[in-house]
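In: I'd like to go over a predicted model; first the sequence, then the structure.
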Amino acid sequence: MRILTVAFNPAIDQTVTLDRLVPGEVHRARSVRQNAGGKGVNVASCLADWGEDVSAYGLLGSDNAASFDALFAVKGIEDRFIRIAGTTRVNLKLVDPAGTTDINLDGIAVDPGRAEMVAATICDAAREGDLVVLAGSLPPGCPPDTYAALTARLRAIGCRVVLDTSGLPMKCALESAQPPHVVKPNRDELSQLLARPLPDMVALLEAARTLRDGGVALVVVSMGADGALFVSDEGALTARLAIGEVASTVGAGDAMVAGITAALAEEASLERTARLATAFAVAKLGMAGPNLPALASVHALAEEVIVTPIETAATTAAGETR
Ligand SMILES: Nc1ncnc2c1ncn2[C@@H]1O[C@H](COP(=O)(O)OP(=O)(O)OP(=O)(O)O)[C@@H](O)[C@H]1O
Ligand SMILES: O=P(O)(O)OC[C@@]1(O)O[C@H](CO)[C@@H](O)[C@@H]1O
């Protein structure tokens, strides 16, 4: 089984650490770092750390591709990106003790023909049984049904598709007759998608089941420090793990998507999927950039994850399994 990742709109993440972010004030940065990123690239990077064979597809600006070239070389990721004229966006991540403020740019404008070139390259390479991760926003000019159309083509080939995006591109994919196998919205994205507030676990579960009724096999709703909700035909459960020191929250969701994909690759149960996904996410929180620590510590974290069947979670914490 092979894993293909797709990033139509990658980014270089510039992380600036401040003593305290105050709007309208002049700040002196405490530190600054840059890394190749964007959701699809982050997922590829974590999966490569886990030891998977990964081929990464998408569009890259040819003016500043060096950090991507270096990442792919170091991690042994097959580079199938199409280089286009221009500069890949630089997204700003402002970190202070209160959290991370993201300033994400639009990305290089492309015409639909470019998006189709990427889709054709992927569909040409994809084989029955492959796992394909589509992640991140679409750049300006890319039609909003790009993921929906690509998912339908990949499903026709016999691939399972994991989709992590938001807004209209996610809506199109979910409304399609051929929806993705897995989606991982975070709580806010799911609420926006369904245009209703999701104040508690009952509402979240109902929302996740709505997506399942539309044909998605596994719905994962990530909830930051509160963990994540996993819903499939095996049932529903929550998974969480407390973390001591957070190095960077950027890409925790992407590491979770990588963990879900690693679990799909081993045909894991819902509980094992929740353990791996949460372990990947929490392991990444301890690292700067889209990286996993030594695999032994990810395995150890997976054992530590607190998994709670949802019937129990909705009423009492007494049924926690460990
Ligand atoms: N502070 C935290 N403590 C423990 N676990 C966390 C924390 N923050 C994130 N996680 C883990 O990471 C997972 C993904 O985080 P989150 O819900 O913030 O994803 P996201 O919004 O998609 O993030 P991003 O867009 O930055 O990748 C959570 O479901 C949880 O398992
Ligand atoms: O603008 P998008 O594509 O929605 O998100 C882009 C982004 O915030 O996602 C990753 C974290 O998940 C970062 O590497 C990157 O900057």
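Out: That came in fine, so what should we check first? Residues are numbered from 1 along each chain as shown. Ligands and ions are numbered 1, 2, ... in the order given.
In: The most centrally placed residue in the chain in helix, strand or coil?
Out: Central residue check for the chain by Cα atoms, centre = their mean: the C-alpha nearest the mean position is that of Asp254, 3.0 Å away. Classification of Asp254 by DSSP: H, G, I helix; E, B strand; the rest coil places it in helix.
In: from what I can see Ala255 touches Lys39, true?
Out: No. Taking contacts as Cβ atoms under 8 Å, Ala255 lies outside contact range of Lys39: 10.6 Å. For the C-beta atoms, the positions are set from N, CA and C on the backbone; glycine is no exception.
In: residues near whichever residue of the chain sits closest to ligand 1, how many?
Out: Nearest residue of the chain to ligand 1: Gly253, at 2.0 Å (Cβ to the nearest ligand atom). Using other Cβ atoms under 10 Å, Gly253 has 24 other residues around it.
In: pretty sure it is touching Arg187, no?
Out: No. Gly253 lies out of contact with Arg187 (Cβ under 8 Å); the separation is 11.0 Å.
In: if we can go back for a sec, Provide a list of residues in contact with the residue nearest to the centre of the chain.
Out: With contact taken as Cβ atoms under 8 Å, 6 or more residues apart in numbering, Asp254 is in contact with 39, 42-43, 46, 135, 164, 284, 290.
In: Could you rerun that using 10 Å?
Out: 5, 37-46, 133, 135-136, 164, 184, 280-281, 284, 290 (Cβ atoms under 10 Å, 6 or more residues apart in numbering).
In: And Ala239, by the same measure?
Out: 220, 227-230, 256, 270-271, 273-279, 281, 302, 305-308.
In: Please list which of those are also close to ligand 1.
Out: Restricting the contacts of Ala239 to those near ligand 1 by Cβ under 6 Å from any ligand atom leaves 227-228, 256, 278, 281.
In: Identify those among these that sit within helices.
Out: In this view, these that belong to helices under DSSP state H are 256, 278, 281.
In: In TSV: the residues you listed, plus neighbour count, distance to Ile157 and pLDDT.
Out: Shown next, in TSV, are these (neighbours: other Cβ atoms under 10 Å; distance: Cβ to Cβ, whole Å; pLDDT from 0 to 100):
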residue	neighbour count	distance to Ile157	pLDDT
Met256	27	26	98
Thr278	28	30	98
Ala281	31	29	98
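In: per-residue confidence at Val246?
Out: pLDDT recorded at Val246 is 85.
In: Report the secondary structure element holding it.
Out: For Val246, there is no host helix or strand (DSSP states H and E).
In: Do you know the pLDDT at the nearest residue to it once chain neighbours are set aside?
Out: Nearest residue to Val246, sequence neighbours excluded (Cβ to Cβ, 6 or more residues apart in numbering): Leu285, at 5.0 Å. Leu285 carries a pLDDT score of 95 in this model.
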